[in-house]
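[1] Model the structure of this input:
(chains A and B)
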Amino acid sequence: MNQVLTTPPAVGAPRPWSFPAATTTTTSAGTPVHVFDRPGQYVATVRVTIAMPLIAEPRELEGVATIMSRTLDEGTQLRSANEFAAALERHGAAYGVDVSSDALHVEISVPVSHLAPAVKLLAEAVTQPAFNQADVGRHVTIRLGEINQERANAGYRAREAFAAHLFDPSTRRSRPTAGTPDTIRPLTNVQVASFYRDNIGPGRAQILFAGDATGVDVAGIIDDAFGGWTSAAGPALETPEPLYVPGDRVVLVDRPGSVQSQLLIGCAGPDRRDPAWGAAAVANHVVGGTITSRVDTVLREEKGYTYGTRTSFTAPRKGGTFSLGGAVRTEVTGAAIGDALRILREARDGLTEQEVQEAKDSLIRTAPLRYEQADSVAQQVGSNIANGVPVDFADTYLTQIAATTAEAASEAYRRYVGINGLLVVVVGEAKDVRDQLTALDLGELIELS
Amino acid sequence: MPLTYPIAEQTLDNGLRVVVSSDRAVPIVAVNLWYDVGSRHEPPGLTGFAHLFEHLMFQGSRNVASGQHFSLLETAGASLNASTFFDRTNYFESLPSGGLDLALWLEADRMGYLLDAVNQENLDNQRDVVKEEKRQSYDNRPYGDSYERLVKLAFPADHPYAHMTIGSMADLDAASVEDVHAFFRKYYGPNNAVLTIVGDVGEEDAFDAAKRYFGHLPAIPTPPPAADGTIGPLTEVLRDDVVSDVPSDLITMMFRLPVDGTPELDAAGLALDILAAGQSGRLNRRLVRDEQIAQSVSGGALPLIGGVSFGTLTGIASDGLDLQKVEDALVEEVEKLAVDGITDDELATVQAQAERDWLEQLATCAGRADEISHHALLFGDPNRINTRIDQVRAITTEQVQAAAAKWIRAEGRVQVTYRRTETAGEQA
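    Got it, this is the predicted structure:
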């Protein structure tokens, strides 16, 4: 008979799991190829990750790496832009590029049944771009329009102001990855082609495949497409350590007409070279990583100030950040910041055993979900390569988390959050929130429009 | 060729439809519930209620404390959430398979006994959270109200799709605890839902678990169906011209489309893809690449079950260019497709893209569970996930042109435009 159970049923132990293993080969051009065979994943991702530190950009032409990356598929030496798109999409493939502070990622996702011709096209874009001025000029115009869209976006404005004030102006990361109007406008195909020649080549690249490789000679297909790649580009520059600006301060970005204040509060954080990277992730989970975390329990569930906030430790290759982000109602901006800062500072007093155990369970047990889809494996590995850690770093990270004690998580948090001050960025209606901010007495108030 | 994901199905005595798709290759299981209640079921004065429950369902139930739903599942390694749409609401979690019983127990407790925990306090709190959600997702972003404006133009005021899922804040403010309880009692019960379980569990074990946790819940009286939304193509042009502080001038056109589950809707969706999808779509080639009058274009169909669907085309004007040029080009391309038809190659391209999208959607247990619930609830046939690609592949160029000629026409559209204060001034 059915009886209503009034307490939660027990949870069985999870099956052991580790990050998928790769078979690694090298193309005739010397590029490493990592094949992750994921049976049942009928759509494969092929990702070319190329070391491309943004410090290689001339200061006055920042954004050249982005425009170069976006025009790789806008015509090749064999096909016009329209012909290239038509050929790729006819195979059911989707193409995309991503530029981070340390690397360029060019990738396709494609049904495995169309792998060979699609990989050929991917190689054509990466190794034989045309860089016609008509296409480069169009992308310069599109980037200028995109900057207008970014300026209207509260979340983007907050991230931009955060980077500009957390990093010293000498640090490339203090400025937008994709450049500013001043540095984008002068770009032509001459600078774009020159940046490509100096920075893109088989010696800086690694190629990843994730998908169902049953009966498919993936390494052969990739070598057939990329084996003849030649380039004069030497080794990539090493990204320097970033310089942070310490101290408590508030940056208020006026965004007239805002009905909410977009917040971003944070400071310097670790990167993956730090053995406490996993412990920091555990601490973050407790403090603000989920809806049940300390921050949202108050800001969302008790006070109803926000649809939700999240904290995170994030890092590229060198030098990370900690931040708390979210949007709150204009009238309670000061109160919400006051609560958030109090919670962030109180967490320095230590996290409980129970909180830390629950965070560890969650982070470790969600791993198989995070990497279920082929594309997420390729994303993770590409980001590991860009960040200068081994391709199976996900296992190291899980090992670090499993070994994290409550004291270690608290210590990792204390080492960064609130130790050198906190930067508070507010994007909203300045005339309505200014007095709320000054009443909090958080140090220097910088106003931007 | 059809896909071969296994599908097993049973209906419990209380009417709960349970679908299981076993996949032992992964150590996880996905649990997905679709309730047959969406914004289309909301009568005037109660808009936003289906979505409000998306919040209240996480505030505890008879045997679950507030916040405990999230904390128990997160500790078990789950990824979880819920979503509300015009046609349905959806509650779901994926987690290591040892947590299947926990997930089912939590879902059953809130299906059966949510109202023990819905009181004035958490209603007030979650109403505040919903208002912040609306501010964040609609009011505080450029063009954030475009769909609200478009559905208002595209459908009569009392039509099930004439209001958005977020609803009216005035309706939510006016809601009493009793109103909220009555809405729940009307729609939330085993015989108005589909439960799908996908992943690392045997079929019989999954059915047994479903019975163990849901079997004792009583059926509810058959809920009233949503009002019939059957309506033909638009026959006029209706405009909503907005002047505001937007970053660039933008136009979105909306068309009514055939109801979901028909070859006509698939054909109309492919027509919009030929115009607006990918880099090789007609609009991108002409407006963005060749004439450079637009920064970007986008569009597609939004399939719906209540008698009619809709689809959109959007263009953002290049800086310094009159938005009218974008509108004129969209109108020309829409008419050209309807009158001159499409090529075999264009059709093969959008079909190949649809196939990849579909395979990606099914690539995770969670995605597969969602589509199984979808096709079981709205079409009564979960096995459609295996034949969906063949249905789309079977559409011909003639069907695409016929659907476009009837539904996607310049003279049968609604549109919203946003112009910056400066550009609007220049034209005045």
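[2] Please count neighbours and contacts with C-alpha atoms only from this point.
    Noted.
[3] Give me the buried positions along stretch B:117-130.
    B:A117, B:V118, B:N122, B:L123, B:D124, B:N125, B:Q126, B:R127, B:D128, B:V129, B:V130 (16 or more other CA atoms under 10 Å in any protein chain shown).
[4] could the residues you listed go into TSV alongside distance to B:L153?
    Compiled in TSV, those are given as follows (distance: CA to CA, whole Å):
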residue	distance to B:L153
B:A117	39
B:V118	36
B:N122	35
B:L123	32
B:D124	32
B:N125	33
B:Q126	30
B:R127	27
B:D128	29
B:V129	28
B:V130	25
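[5] Can I get these in a markdown table including secondary structure, pLDDT and distance to B:R239?
    Output for the buried residues of stretch B:117-130, formatted as a markdown table (DSSP: H, G, I helix; E, B strand; the rest coil; pLDDT from 0 to 100; distance: CA to CA, whole Å):
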| residue | secondary structure | pLDDT | distance to B:R239 |
| --- | --- | --- | --- |
| B:A117 | helix | 96 | 45 |
| B:V118 | coil | 95 | 42 |
| B:N122 | helix | 90 | 40 |
| B:L123 | helix | 93 | 37 |
| B:D124 | helix | 93 | 37 |
| B:N125 | helix | 91 | 38 |
| B:Q126 | helix | 90 | 35 |
| B:R127 | helix | 91 | 32 |
| B:D128 | helix | 90 | 33 |
| B:V129 | helix | 90 | 33 |
| B:V130 | helix | 91 | 29 |
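[6] wait, which of those residues is closest to A:V389?
    For those, the minimum distance to A:V389 (CA to CA) is 40.1 Å, reached by B:V129.
[7] check contacts around that closest one.
    By CA atoms under 8 Å, 6 or more residues apart in numbering or on different chains, the contact set of B:V129 is A:R300, A:G304, A:Y305, A:T306, A:Y307.
[8] B:K131 now?
    B:K131 touches B:M169, counting by CA under 8 Å, 6+ apart.
[9] did I read that right, it in a helix?
    Yes. Read with DSSP: H, G, I helix; E, B strand; the rest coil, B:K131 is one of the residues of a helix.
[10] and stretch A:75-92, how far from the chain's centre?
    Stretch A:75-92 has its C-alpha centroid displaced from the chain centroid by 28 Å (CA atoms, centre = their mean, to the nearest Å).
[11] Shouldn't A:V106 be within a helix?
    No. According to three-state DSSP, A:V106 belongs to no helix; its state is strand.
[12] all strands of chain B, in order?
    Counting by DSSP state E, chain B has strands at residues B:8-11, B:17-22, B:28-35, B:79-84, B:89-96, B:193-199, B:237-244, B:250-257, B:294-302, B:309-317, B:413-420.
[13] Put together a markdown table for those strands, with distance to A:Y244, mean neighbour count and mean pLDDT on each row.
    Output for the strands of chain B, formatted as a markdown table (distance: least, CA to CA, whole Å; neighbours: other CA atoms under 10 Å in any protein chain shown; pLDDT from 0 to 100):
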| stretch | distance to A:Y244 | mean neighbour count | mean pLDDT |
| --- | --- | --- | --- |
| strand B:8-11 | 58 | 16 | 98 |
| strand B:17-22 | 51 | 24 | 98 |
| strand B:28-35 | 42 | 28 | 98 |
| strand B:79-84 | 35 | 18 | 96 |
| strand B:89-96 | 39 | 24 | 97 |
| strand B:193-199 | 46 | 28 | 98 |
| strand B:237-244 | 38 | 16 | 97 |
| strand B:250-257 | 39 | 25 | 98 |
| strand B:294-302 | 36 | 22 | 97 |
| strand B:309-317 | 38 | 24 | 98 |
| strand B:413-420 | 38 | 22 | 97 |
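[14] closest to B:F184 out of the ones you listed?
    Between those, strand B:28-35 lies closest to B:F184; by CA to CA that is 11.1 Å.
[15] what residues does the stretch 101-250 of chain A put near chain B?
    A:V110, A:P111, A:R138, A:I142, A:G145, A:N148, A:Q149, A:R151, A:A152, A:N153, A:A154 (CA under 8 Å from any CA of the partner chain).
[16] Need the phi and psi values for A:A268.
    When read as degrees, to the nearest 10, the backbone of A:A268 gives phi -70, psi 150.
[17] so how far is A:G320 from it?
    6 Å (CA to CA, to the nearest Å).
[18] Next: A:H285.
    Applying CA to CA to A:H285 and A:G320 gives a distance of 16 Å.
[19] Please say which of these two ends up with more neighbours.
    The residue with more neighbours, out of A:H285 and A:G320, is A:H285; 26 against 16, by other CA atoms under 10 Å in any protein chain shown.
[20] For the more buried one, which non-adjacent residue is spatially closest?
    Of all residues not flanking A:H285 in the chain, A:A359 sits nearest, at 5.9 Å (CA to CA, 6 or more residues apart in numbering or on different chains).
[21] try A:E62
    Nearest one to A:E62, counting by CA to CA, 6+ apart, is A:G179 at 4.9 Å.
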